[in-house]
Each structure stands twice: as structure tokens, then as C-alpha cells.
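> Could you look at this predicted model? Sequence included:
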Amino acid sequence: MRKLPGLLTFAFAVQILPAFCQQPGKPAVSAEQTPSFRAQANLVLVPTLVQDNSGRPAFTLTADDFTITDNGVPQKIALEQDADGQPLSLVVAIETGGNGAGHLDEYRDLGILIEALVGDIDHRVAVIEFDSRQHLLQDFTSNWDTVNQGLSTVSGGDAGAAILDAVNYSVNLLRNSPPAYRRAILLLSETQDRASEIGLAETVRSISDTNTIIYTLAFSSTKANFKHNGSHILGDDRPGPPHGCMGKDPTAPNENKLLQFWNCLGLLAPPLRVAQLAVLAGVDSLRRNVPETIAQLTGGEYYKFNNGRSFEQALVTISNHVPNRYLLSFHPQSPAPGPHVLEVKLKDYPKLKVTARKAYWVDAGPDGN
């Protein structure tokens, strides 16, 4: 396995590289166009971390040691070897509302830690803070002094902790990244979402659309906050159309049927696609821990911290893991539009732990297929 520097694989998850996807005679994707995995794309990339029982990365595996299924269908796997040098777009999202105001002192060395994490590659870093709303402190820049200046303006907010809204805000910032740049979010928050208006289904889709991988560091929400986190982030407390979940809503005549179907899964399971919903939505874990769920869905990692020391240790661990990931790839055969479940396993190493992306989304083409 080839070691990759810095955060090279941070946003490699299910990314479609223009060099691989460009067809002869067609222009390359422009900087204004975000490469999105669509039905006609022909390569899925899946960064995969393999660890032993002690947490040490395993280095000597080959493509033949892995299996990948896409919606249960086995795929022919390749192991990418030459992924060095790809630049990175990173959004650092910091909760300053809710319980976040009490943890700001623990981030005093955050700029230094992020710089060490990124390493010596081309990069663009943006900084946001969030409570019930999101606030851009520093737009994308490659200048570390400017990044640190943005971090220095972080301050306490209101009582809200709109985590999913902050993730979607960060994803939208990443949409305008140049096609060659990987996309990543470093989320610092509590475990419970309070005040988000967007649901998990929309979050999963937006993350997949921009090929974003998320690493999360979280502190525990207080017990009093748990009552605030519930069905609203799963999208199952919203009134449905008059004729049922999949009925035509006269107030939304142009509603995307695929997205409507996806949002209906939470209402129609079981028995409809129960296994897929469990993987994609992570209903039980989401109610317990929002940042952990979204990290797992994207193939990132989640760490808890309760003080500055454990916070720094978590970032150092991420720095050590990211350059030691395998980059697996496969060519899906006529993938159906909608959510896809990825499952990565090892054939002959039952004691090794595998961490990889669990889902991606295929958009419908112009004809709806």
C-alpha cells in the first residue's frame, strides 16, 4: 500500500475524477461545474482504512483481499496507486452555539493542528461557525495566516446547535471548488442536533453530490438537550401529501420523484428496503449521535473529546490515519438513479477492522432515468 501525504484521501470518497470520466472529443469539466456522480459516470473511488485490534493501520493488502458490493451486487475492484498530489478544499465547521461556547478555549491551537493535518499539498481552507444559523468567518484561502485570523474571530452564539444545517452550508461552499480538488469537512460539535431545518435524507444526498467526506470531533450534549433531537432531522414529522407519502402534492407540482421516494423510506419501512434504510439513514445512531452517523456514512471518522488534550490527540490520530488509507475503485454497471449502499469487506482477515464509505447517490439523467 502506498502512503499518501496529508489529507490526500479526505474527499476522495466516491469521487469522479475528470481525467477518468472525460470522453474523447468532449471538453473537460470547467471550474464552475462540480463533478457529480451521475448515471453515465464510470468510476467510483472508495478510500478505505484497515486497522488491527490495536488500531494500527494494515499496510500489505492488495485489491484481491477486498470485496465491495454496490446495492448488494459484487464489484470488480482495483487498487489505485498514484493518487499523490491532488489538492484539497476543506471547510472547518465549529459549533459556537448551544454547549459549544464552553469548548472554544480547547481550539486555541486549532490552526496549527489543521496545518499539520493538511500537509504539504495545494489547499483551500474556509472557516464557519454555527449556532441556530451559519456564519462564514473566512472564505476559502490558501494562506495559513488568513485561516488563523478567521479562527481567532470565533465567539459564542445562541442556544442552537443546527449540525445538519451547518453540514449542508459547508457542502454548498464546497460546490464551487475546482474539479481537481478533493472536498472535506472537519466538524467540531456536540452530539445532538438542535434547530436544524434540513433532514438527514437531504444531507446524505448533498454530501454525495459533492463527493465530500466528513471527519467529526464531538463533545457530549447534556441530558437536557436529548429531548430536542428527534424525528425532525429524520424528516418523518413533516406532513405528507393528501393521498399518501408518494401521492402527488398539489403544492409542489415539480417535486423530484426520486427525492420524494427517498424521503418516504422513513415512512414506508418496514418492510420496504429496510436494510438499505438502516445503512443510509442510521436512524438509531442518528438519534444518539448526529456527527458520528454522518462521519460513518461518508467513510470518515468520529472521535469524542472532553478537553483540550483529548481534542488534540483526536486530530493527531486523524493525521496518522488519513495518509494510510487504501484507495479502492470500481466501475458500476448501469447504476440505477437514487441511493446506493456500499459495503467493503476483507476476504480472509476477520480480525481486521474496515472503515469505508457506506453510501453514495446517483442522480437521474435529463430524461429522469
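Yep, that arrived.
> Strands of the stretch 1-150 of the chain, start to end?
44-51, 66-70, 73-74, 78-79, 88-95, 123-130, 134-141 (DSSP state E, counting those that start in this stretch).
> Would you mind giving those strands as JSON lines with mean neighbour count, distance to residue 327 and mean pLDDT added?
For every residue, glycine as well, the C-beta is placed using N, CA and C. Listed next are those as JSON lines, based on neighbours: other C-beta atoms under 10 Å; distance: least, C-beta to C-beta, whole Å; pLDDT from 0 to 100:
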{"stretch": "strand 44-51", "mean neighbour count": "23", "distance to residue 327": "6", "mean pLDDT": "86"}
{"stretch": "strand 66-70", "mean neighbour count": "18", "distance to residue 327": "11", "mean pLDDT": "94"}
{"stretch": "strand 73-74", "mean neighbour count": "11", "distance to residue 327": "19", "mean pLDDT": "92"}
{"stretch": "strand 78-79", "mean neighbour count": "16", "distance to residue 327": "7", "mean pLDDT": "92"}
{"stretch": "strand 88-95", "mean neighbour count": "25", "distance to residue 327": "15", "mean pLDDT": "96"}
{"stretch": "strand 123-130", "mean neighbour count": "24", "distance to residue 327": "19", "mean pLDDT": "97"}
{"stretch": "strand 134-141", "mean neighbour count": "17", "distance to residue 327": "25", "mean pLDDT": "97"}
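> Return the distance of the residue nearest to residue 147 when sequence neighbours are not counted relative to residue 332.
Excluding the flanking residues, the one nearest residue 147 by C-beta to C-beta, 6 or more residues apart in numbering is residue 125, at 5.0 Å. Distance check for residue 125 against residue 332: by C-beta to C-beta, to the nearest Å, it reads 32 Å.
> try residue 103
When residue 103 is compared with residue 332 (using C-beta to C-beta), they lie 41 Å apart.
> neighbour-wise, which of these two wins?
Shown here are residue 103 and residue 332; by other C-beta atoms under 10 Å, residue 103 has more neighbours (22 against 19).
> show me the contacts for that one.
Each residue near residue 103 by C-beta atoms under 8 Å, 6 or more residues apart in numbering is listed here: 188, 219.
> those helices in the stretch 51-200 of the chain, which residues are they?
All helices of the stretch 51-200 of the chain, identified by DSSP state H, counting those that start in this stretch, fall at 110-118, 144-151, 163-174, 200-209.
> Run through who's touching the shortest one.
It stands for helix 144-151. Helix 144-151 is contacted by residues 92, 107, 110, 111, 114, 115, 125, 127, 137, 138, 141 when judged by C-beta under 8 Å, 6+ apart.
> tell me the mean pLDDT for that helix?
Averaging pLDDT along helix 144-151 yields 96.
> ok, now the longest one?
Regarding helix 163-174, the rounded mean pLDDT is 95.
> Show me where this structure dips below the pLDDT cut-off.
Counting by pLDDT under 70, the chain has low-confidence residues at 1-42, 82-85, 201, 222-288, 334, 363-369.
> Give me the buried positions along the longest helix along it.
In the chain, with assignment by DSSP state H, the single longest helix is helix 308-321. For helix 308-321, the neighbour count (16 or more other C-beta atoms under 10 Å) marks 311, 312, 314, 315, 318, 319, 321 as buried.
> how near is the second one to residue 359?
It refers to residue 312. Distance from residue 312 to residue 359, by C-beta to C-beta: 31 Å.
> How about the last one?
Remark: distance between residue 321 and residue 359 (C-beta to C-beta) = 21 Å.
> still on that earlier bit, which strand residues bridge the residue nearest to residue 147?
With DSSP bridges as the criterion, residue 125 is bridged to residue 90, residue 141.
> isn't it right next to residue 142, touching?
Yes: if you go by C-beta atoms under 8 Å, residue 125 and residue 142 touch, sitting 7.5 Å apart.
> Count the residues that sit near residue 157.
Using other C-beta under 10 Å, the number of residues around residue 157 comes to 20.
> That one contacts residue 102, doesn't it?
No: applying C-beta under 8 Å, one finds residue 157 not in contact with residue 102, separated by 11.8 Å.
> which residues sit in contact with residue 65?
Residues near residue 65 by C-beta under 8 Å, 6+ apart: 346, 347, 348, 349.
> are any of those buried, and which?
Those of the contacts of residue 65 that meet the buried threshold are residue 346, by 16+ other C-beta under 10 Å.
> what packs against the one helix or strand residue 293 maps to?
Applying DSSP states H and E as the criterion places residue 293 in helix 290-298. Applying 3 or more C-beta pairs under 8 Å, 6 or more residues apart in numbering; DSSP states H and E, we find helix 290-298 packed against helix 163-174, strand 182-190, helix 200-209, strand 212-219, helix 283-288, strand 302-304.
> From residue 110, how far off is the residue nearest to residue 299 when sequence neighbours are not counted?
In space, and not counting its chain neighbours, residue 299 is closest to residue 357: 3.2 Å by C-beta to C-beta, 6+ apart. In this view, residue 357 and residue 110 are 26 Å apart by C-beta to C-beta.
> Residue 134 too?
Remark: distance between residue 134 and residue 110 (C-beta to C-beta) = 18 Å.
> Kindly report the same for residue 122.
For residue 122, the distance to residue 110 equals 21 Å [C-beta to C-beta].
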